[in-house]
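> Model the following, please.
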Amino acid sequence: MEKKYRALRFISGLYKIIAIIIFLLAIVGAIGAALIGGGPSLAYNPTTGTIITVPNQNPVVSAVVAFVGTLLGGAILAVSLYAFANLIDLLIATEENTRMTAALLNRLGRRLQAPARPAPSAPAE
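So this is what the prediction gives:
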């Protein structure tokens, strides 16, 4: 049976590749966020109109929150993209199964509608 929907198959594969890349970037980004998350924060001082550096009171907690948040956000996005790619694959498989079932039922219907062969008669004695 011929493979249909080549463009959808390509898009599905592309979504899977993008999902894997996003997950890998989320891991790298989470490590970077953990390293930077413990540093000082920037704040705007409205009285002077300048940006000042505010020391971080709890750098370990900030680093852990930055790591978990970045990793969790990236993982949710990656899993969502991968699931969407699998949904495309599922829809293609459903169409192929439906097409194959229709062809088989059509062939079976033609067999059942074929003229009946006469039963062999007993030889005359």
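> For the worst-scoring helix or strand of the chain on mean pLDDT, name the packing helices and strands.
When the helices and strands of the chain are compared on mean pLDDT, DSSP states H and E, strand 41-45 comes out lowest with a mean of 80. On a contact count with 3 or more CB pairs under 8 Å, 6 or more residues apart in numbering; DSSP states H and E, strand 41-45 meets strand 50-54. Yep, even glycine has a C-beta here, placed from its N, CA and C like the rest.
> picking that back up, identify the residues contacting the least confident helix or strand of the chain?
If you take CB atoms under 8 Å, 6 or more residues apart in numbering as the criterion, strand 41-45 is touched by 50, 51, 52, 53, 54, 56.
> how about the helices of this protein, start to end?
Using DSSP state H, the helices of the chain run over 6-37, 59-113.
> Now tabulate those in JSON lines and tack on distance to residue 121.
Below are these laid out as JSON lines (distance: least, CB to CB, whole Å):
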{"stretch": "helix 6-37", "distance to residue 121": "57"}
{"stretch": "helix 59-113", "distance to residue 121": "24"}
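> Most neighbours out of the contacts of strand 41-45, which is it?
In terms of neighbours by other CB atoms under 10 Å, the contacts of strand 41-45 top out with residue 56 at 15 neighbours.
> Identify the residues contacting it.
Contacts of residue 56 by CB under 8 Å, 6+ apart are 38, 39, 40, 41, 62.
> dump the residue contacts of the third one.
If a contact means CB under 8 Å, 6+ apart, then residue 40 has 53, 54, 55, 56 as its contacts.
> between the residues you listed, which is closest to residue 34?
Within these, the smallest distance to residue 34 is 13.0 Å, found for residue 56 (CB to CB).
> Next, the closest one: phi, psi?
Backbone torsions for residue 56, taken as degrees, to the nearest 10, come to phi -80, psi 130.
> measure the residue nearest the centre of the chain to residue 6 for me?
The residue lying closest to the centre of the chain (CA atoms, centre = their mean) is residue 82, at 1.8 Å. In this view, residue 82 and residue 6 are 20 Å apart by CB to CB, to the nearest Å.
> ditto for residue 40
For residue 40, the distance to residue 6 - CB to CB - is 53 Å.
> That'll do, ta.
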